[in-house]
Each structure stands twice: as structure tokens, then as C-alpha cells.
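Asks: Sequence first, then the predicted structure:
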Amino acid sequence: MEILGATLRVCVDDLEAAVPFYERLAGGRALRFERGGVQVAAIGCFLLMSGPEAELEVLRKVAATIAVKDVEETGQVLGELGARIIAGPVPTPVGRNLIAMHPDGSIYEYADRQA
């Protein structure tokens with residue numbers, strides 16, 4: 001399993017107001033998409049999310065998004081280490097992801113860029 005990096009997840013009330021700040025901070029343009037009624041803007045190492053409170057409540061439980069080379073392999077390694085796969089792997093707008101709970105109870109999203 002190869003970890004390529006991590007993304008900080010930030011829930012915001014007003015995505016349109018938050019994006020310019022994070023674009024300047026990260027020095028890049030936002031990649032925007034929608035997933036499950038939540039508006040998302042990926043900017044550098046930040047993943048901004050805005051939407052219905054019920055959806056954000058679930059998303060806040062995920063500590064970070066970890067980029068990996070291969071989600072399938074990652075799921076296998078996590079399982080061998082005692083983590084519980086909560087969801088996935090499933091397709092995303094840019095690859096695949098899964099959600100896992102580590103043995104200590106922390107929850108992470110693992111994502112790759114493979115179709």
C-alpha cells in the first residue's frame with residue numbers, strides 16, 4: 001500500500017465565500033463537483049464541503065482523505081491490520097474511494113485516481 005498524500009476536510013457554511021480565500025492560500029484553482037447533495041471544492045490540500053447539515057454531520061466524522069496508489073490494495077491491507085471497511089470501494093468523479101474505521105476508532109477516506 002502506497003500513501004501519496006493527505007487532504008484536509010473543511011466543512012463551510014458558504015462555499016462561494018470560502019473558495020477565494022483557499023485559492024489564494026493554496027495558490028491554485030478549485031476543482032468543483034457535487035456528491036450526495038454536498039457541493040465540494042478541492043483546492044491544493046484542502047477539500048471544502050458545503051451542504052445540508054445532515055450530510056455534513058456524517059462527513060465531519062471522517063478525519064482526512066488519504067490519497068493512495070490503489071484503493072483495492074489499501075482495503076486489503078487495512079483489513080489485515082484490523083481496520084473495518086465502512087463503505088466502498090466506490091467510483092468517484094476522479095477515481096475510487098473507500099471509508100475505513102481504524103482499530104482506534106478514527107475514520108478516514110482513502111482515495112485513488114484509477115477509473
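Replies: Perfect, thanks for sending it. Everything numeric here is computed off the predicted structure, so don't read it as measured data.
Asks: for this structure, what spans make up the helices?
Replies: 15-26, 53-59, 71-80 (DSSP state H).
Asks: most packed of the ones you listed?
Replies: Of all the helices of the chain, helix 71-80 has the most neighbours on average by mean count of other C-beta atoms under 10 Å, namely a mean of 16. To be clear about C-beta, it is placed using only N, CA and C from the backbone, and glycine gets the same treatment.
Asks: same for that one, what does it pack against?
Replies: strand 84-91, strand 96-101, strand 107-112 (3 or more C-beta pairs under 8 Å, 6 or more residues apart in numbering; DSSP states H and E).
Asks: One more pass at 6 Å, please.
Replies: Where contact means 3 or more C-beta pairs under 6 Å, 6 or more residues apart in numbering; DSSP states H and E, helix 71-80 is packed against strand 96-101, strand 107-112.
Asks: mind checking which of those strands is nearest residue 8?
Replies: strand 107-112 (11.7 Å; C-beta to C-beta).
Asks: For that closest one, give me every contacting residue.
Replies: Strand 107-112 is contacted from outside by 61-68, 70-71, 74, 95-101, using C-beta atoms under 6 Å, 6 or more residues apart in numbering.
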